[in-house]
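**Student:** Below is the sequence, then the predicted model.
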Amino acid sequence: MKDNKWPSWFLFLDSWFNTRMKRAVWIILIACLWLLWQNGWNMLIGMNLGFLSDYDSIFSLLEKVDRMNSAILLRWIMNILAMGNVSVQNIVFAFIHSTSAIDLLCMAALIFSGFLPVCRRQIRVIWTLESGKILTILIVLPLALMTLNLYAVSVLLQVFGIVLVIISLLEMSILVLITAKSVSVLS
């Protein structure tokens, strides 16, 4: 017998979450939308890093960075740079200091979605690209802090900007494919 106690709008909303696969797709969609947001900001940062040429442009970039505090990657880098040296302890402290509760929940959704049956391979490619970004940061930041030559720092930051834009574009294209595939599972 059909249960008619519930309003029709509630039954409609409940149909979006009524199977295990649909709930998994919602987790994937949350992680993908958060990563699209982060990669959009990362691309803006990377494009700005490509135009560094002199001492004044680095400081104008820092002014722009203050306005672009939505990217967790940027907040993490700025906290590491504010500490003055790169050590494991400072990297972990900077990560904890620059991460909000929403960021942690979305990161957990991203990690969890790599084990779900929907889009498993694509999510693991995203994991690899994110790891590449972090490794690039961990290589470029100590080099930039060790060199006192302004030209060398600006070249390192330009290379990092180019790598950041390329990886962000790759991630965004994969994320759009994952999102399209996930939405097709919901319908």
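**Tutor:** Arrived safely.

**Student:** Quick one: mean pLDDT over the longest helix along the chain.
**Tutor:** When the chain is parsed with DSSP state H, its longest helix is helix 150-186. When pLDDT is averaged along helix 150-186, the result is 84.

**Student:** show me where the protein has helices.
**Tutor:** 8-14, 20-49, 55-67, 72-83, 88-98, 101-113, 120-146, 150-186.

**Student:** hmm, back to that, what is the longest helix of the chain packed up against?
**Tutor:** Helix 150-186 sits against helix 20-49, helix 55-67, helix 120-146, with contacts defined as 3 or more CB pairs under 8 Å, 6 or more residues apart in numbering; DSSP states H and E. C-beta: built from backbone N, CA, C; applies to glycine.

**Student:** Residue 125 reaches residue 174, doesn't it?
**Tutor:** Yes - contact criterion CB atoms under 8 Å: residue 125 and residue 174 qualify, at 6.0 Å.

**Student:** between those two, who's got more neighbours?
**Tutor:** residue 174 (19 against 16; other CB atoms under 10 Å).

**Student:** ok, that one - contacts?
**Tutor:** Taking CB atoms under 8 Å, 6 or more residues apart in numbering, we find residue 174 in contact with 122, 125, 126, 129.

**Student:** OK, contacts around the nearest residue to residue 84 once chain neighbours are set aside?
**Tutor:** Once flanking residues are discounted, residue 84 sits nearest to residue 145: 7.6 Å by CB to CB, 6 or more residues apart in numbering. Counting by CB under 8 Å, 6+ apart, residue 145 touches 81, 84, 85, 86.

**Student:** again with residue 120
**Tutor:** Neighbours of residue 120 in contact, by CB under 8 Å, 6+ apart: residue 114.

**Student:** okay, it: pLDDT?
**Tutor:** Predicted confidence (pLDDT) for residue 120: 83.
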